[in-house]
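S.K.: Next comes the sequence, and after it the predicted model I'd like to discuss.
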Amino acid sequence: MEKKQISTDKAPQPAGPYSQVITYGDFIFVAGQRPADPETNKIVEGGIKEQTEQVIKNLSAALEAAGSSLADVVSSRVFLSDIGNFDAMNSVYEKMFPKPYPVRTTVSCTLRNILVEIDVIAIRRS
């Protein structure tokens, strides 16, 4: 097996020296997605709910480019600039990710001018 880089213009391009998506066998690793509109590369307006929705849309586009979907996500990590936004983020996350939900870790950390970032690991469908 070898790792393969995948990229799509339907999700924001990396903001640094990292890959948007890497596949290794049936595993798909999607870099942390920020709440940027991929057409304008600007952070979406609104609060945590709007930003979470855009992040998950970006994840979905990246997964689709790798032959997968949100339904195939087995693990996610959510990074919040303010843990006080947890409930609002969680309400959007719950509506957009299908059951069974992936395992998840949520942490509060410093983010550069965004409220939320999420990365995922998924399995490619056979």
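M.R.: Everything's here; your move.
S.K.: CA only for contacts and neighbour counts going forward, please
M.R.: Fine.
S.K.: Distance-wise, check Ser91 relative to Gly32.
M.R.: According to Cα to Cα, to the nearest Å, Ser91 and Gly32 sit 20 Å apart.
S.K.: which one of those two has more residues nearby?
M.R.: The residue with more neighbours, out of Ser91 and Gly32, is Gly32; 20 against 12, by other Cα atoms under 10 Å.
S.K.: where exactly do the strands run in this structure?
M.R.: Using DSSP state E, the strands of the chain run over residues 3-6, 21-24, 27-33, 73-80, 103-108, 116-123.
S.K.: Turn those strands into TSV, including mean pLDDT.
M.R.: Formatted as TSV, those follow (pLDDT from 0 to 100):
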stretch	mean pLDDT
strand 3-6	97
strand 21-24	98
strand 27-33	98
strand 73-80	98
strand 103-108	98
strand 116-123	98
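S.K.: Phe97 is nearest to which of these?
M.R.: strand 73-80 (8.7 Å; Cα to Cα).
S.K.: quick one, the closest one and strand 116-123 angle?
M.R.: Orientation note: strand 73-80 sits at an angle of 170 degrees relative to strand 116-123 (axes from the mean of the first three to the mean of the last three Cα atoms, to 10 degrees).
S.K.: buried set for strand 73-80?
M.R.: Val73, Val74, Ser75, Ser76, Arg77, Val78, Phe79, Leu80 (16 or more other Cα atoms under 10 Å).
S.K.: Stretch 89-97 too?
M.R.: Applying 16+ other Cα under 10 Å to stretch 89-97 flags Met89, Asn90, Val92, Tyr93, Met96, Phe97 as buried.
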